[in-house]
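Peer 1: Let's see this in three dimensions:
(one chain, ligands or ions: 1)
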Amino acid sequence: MSQPFRRSEPAGFDAASAGRHCPPSMDRPGEGSGVDFEAAHLIVRLGAIAANYKTVQRLAGPAVVAAVVKADAYGTGMARVAPVFVQTGCDTFFVARLEEGLALRPLAPEARIFVLDGAQPDAVPALISHRLTPVLNSIAEIAGWAAAARATKTRLDAGINIDTGMNRLGLPASELATLSGEHVKRLEGLHIVLLMSHLACAEDAEMKLNRLQLDRFKTALSMLPPAPASLAATGGIMLGKDYLFDLVRSGLGLYGGNPHPANPNPFAVAVRATARVLQLRRVDKGETVGYGATFRTKRPSVLATAALGYADGLMRAISNHGTAAIGGVRVPVVGRVSMDLVTLDVTDVTGPLSTGMDVEFIGDTVTLEDVAAAANTISYELLTSLSHRATRRYEDAP
Ligand SMILES: *Cc1c(COP(=O)(O)O)cnc(C)c1O
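Peer 2: You can find the predicted model right below:
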């Protein structure tokens with residue numbers, strides 16, 4: 001057991017020499033580093049992820065809820081998370097890349113897997129052999145996929161992405177018009193299982209572009225043969241029933257992020273990032289902290305140095321204005337976040353402090369959105385930046 005750090009210790013007391021507490025060994029083989037002292041954890045609550053899937057179903061019903069598991073399931077680990085979605089009843093997935101689809105196929109053998117990147121010519125053979133469904137983004141991709149259908153003498157499934165205002169991927173209006181006029185010929189040999197588009201401003205219900213994109217999408221649907229339709233990602237679901245169509249593509253909410261940060265979060269916290277306190281120290285008023293000496297103590301202070309840094313994905317941008325939590329009490333980040341370490345001002349913590357104790361950097365007290373805001377970014381970037389140096393730990397598999 002570690003020794004409590006007593007506030008009655010004389011200034012300069014350094015608790016690093018106190019014994020370190022060892023965590024219980026990992027719950028499953030293959031996770032964890034095998035060493036007794038693990039400095040930082042990324043804890044993924046599989047039960048919360050399953051519950052969030054059901055919450056999306058409740059919010060989006062009767063639309064089908066597809067799970068978006070691109071970027072290693074937003075950093076949570078697709079290999080562990082995808083089977084949870086399958087068990088929860090999910091049979092439709094989206095990935096961005098072909099490689100992600102290849103990795104997902106054995107985890108969800110029966111599922112429909114859409115690949116958002118489309119079907120570049122050299123991706124076609126692998127898409128076909130792994131039964132992946134490309135979301136075709138241009139007339140050229142449609143032509144290539146239709147040619148593959150002819151060459152293999154099979155009917156190939158496909159989605160089609162229509163650009164309604166993102167100007168990123170998808171058929172622009174001119175190509176939509178062409179396809180509309182010549183769909184009998186151009187879609188020959190294809191089974192269109194999804195017509196989709198993507199909203200640019202779904203996190204903000206006030207943005208006029210949402211309604212404009214909705215109208216453009218409806219027009220596009222009227223120009224093409226009937227097929228299941230999809231417009232909303234997590235944020236779009238909360239814009240109202242008009243946006244649901246037949247299928248929604250949910251990512252962020254499943255992992256506990258708040259798609260409309262200005263409103264209360266309907267989703268359960270599914271990801272926690274924690275790190276151990278490596279050292280506690282008392283410093284006098286007027287001392288500086290960390291690289292660049294960017295923080296100066298305004299009072300005699302107690303500082304805790306924890307084992308998390310920007311190499312773990314704790315963004316350096318939160319230097320001097322991020323927050324962490326000890327036993328549910330928020331404590332400020334002081335000084336710069338460095339590669340492996342971050343320093344906290346724990347002077348106001350009234351509960352016990354000890355080396356080896358866990359500090360929460362993302363989770364129940366400090367939300368993804370709190371950290372993202374402090375880093376001047378979004379929860380998506382924060383989640384997908386969490387590196388694999390922190391030991392992954394999976395809790396309460398359903
Ligand atoms: C990433 C992505 C999604 C999922 O968005 P969330 O906001 O995470 O729910 C849906 N559709 C497309 C096209 C995407 O790229």
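
Peer 1: burial measure for the residue of the stretch 1-150 of the chain found nearest the ligand, as a count.
Peer 2: Across the stretch 1-150 of the chain, the shortest distance to the ligand (CB to the nearest ligand atom) belongs to V68, at 4.0 Å. Backbone N, C-alpha and C define where each C-beta goes, glycine included. A count of neighbours around V68, defined by other CB atoms under 10 Å, yields 23.

Peer 1: How many residues are close by D364?
Peer 2: For D364, using other CB under 10 Å, the count is 11.

Peer 1: hang on, isn't it packed against A270?
Peer 2: No. When contacts are counted by CB atoms under 8 Å, D364 is not listed as touching A270 (10.8 Å).

Peer 1: Relative to N52, how far out is whichever residue of the stretch 251-398 of the chain sits closest to the ligand?
Peer 2: Closest to the ligand within the stretch 251-398 of the chain is G251: 2.6 Å, counting by CB to the nearest ligand atom. For G251, the distance to N52 (CB to CB, to the nearest Å) stands at 11 Å.

Peer 1: OK, contacts around the residue most central in space within the chain?
Peer 2: Nearest to the geometric centre of the chain sits Y74, at 3.1 Å (CA atoms, centre = their mean). Residues in contact with Y74 (CB atoms under 8 Å, 6 or more residues apart in numbering) are 251-252, 255, 257, 380, 383-384.

Peer 1: pLDDT value on it, please?
Peer 2: Y74 carries a pLDDT value of 98.

Peer 1: what do you get for the one 10 residues further on?
Peer 2: V84 carries a pLDDT score of 98 in this model.

Peer 1: Next, give phi and psi for it.
Peer 2: Main-chain torsions, V84, degrees, to the nearest 10: phi -70, psi -40.

Peer 1: Which residue is the nearest non-sequential neighbour of it?
Peer 2: Excluding its sequence neighbours, the residue lying closest to V84 (CB to CB, 6 or more residues apart in numbering) is L46, at 5.0 Å.

Peer 1: State the phi and psi torsions of the residue nearest to the centre of the chain.
Peer 2: Backbone phi and psi, for Y74 under degrees, to the nearest 10, turn out to be phi 50, psi 40.

Peer 1: Would you mind checking which of the contacts of Y74 is nearest to M339?
Peer 2: T384 (19.0 Å; CB to CB).

Peer 1: Just confirm that closest one is within a strand.
Peer 2: No. With DSSP: H, G, I helix; E, B strand; the rest coil as the criterion, T384 is assigned helix and is not in a strand.

Peer 1: What are the neighbouring residues in contact with it?
Peer 2: Residues in contact with T384 (CB under 8 Å, 6+ apart) are 71-72, 74-75.

Peer 1: who in the stretch 101-250 of the chain is up against the ligand?
Peer 2: For the stretch 101-250 of the chain, the residues in contact with the ligand (CB under 6 Å from any ligand atom) are 116, 198, 233-235, 249-250.

Peer 1: which ones among the residues you listed are found in helices?
Peer 2: Using DSSP state H, the subset of these located in helices is 234-235.

Peer 1: so which of the residues of the stretch 101-250 of the chain next to the ligand is the most crowded?
Peer 2: S250 (29 neighbours).

Peer 1: check contacts around that one.
Peer 2: 53, 56, 60, 65-68, 233-234, 237.

Peer 1: hang on, the earlier thing: pairing partners for the residue of the stretch 1-150 of the chain closest to the ligand in the sheet, please.
Peer 2: F94 (DSSP bridges).
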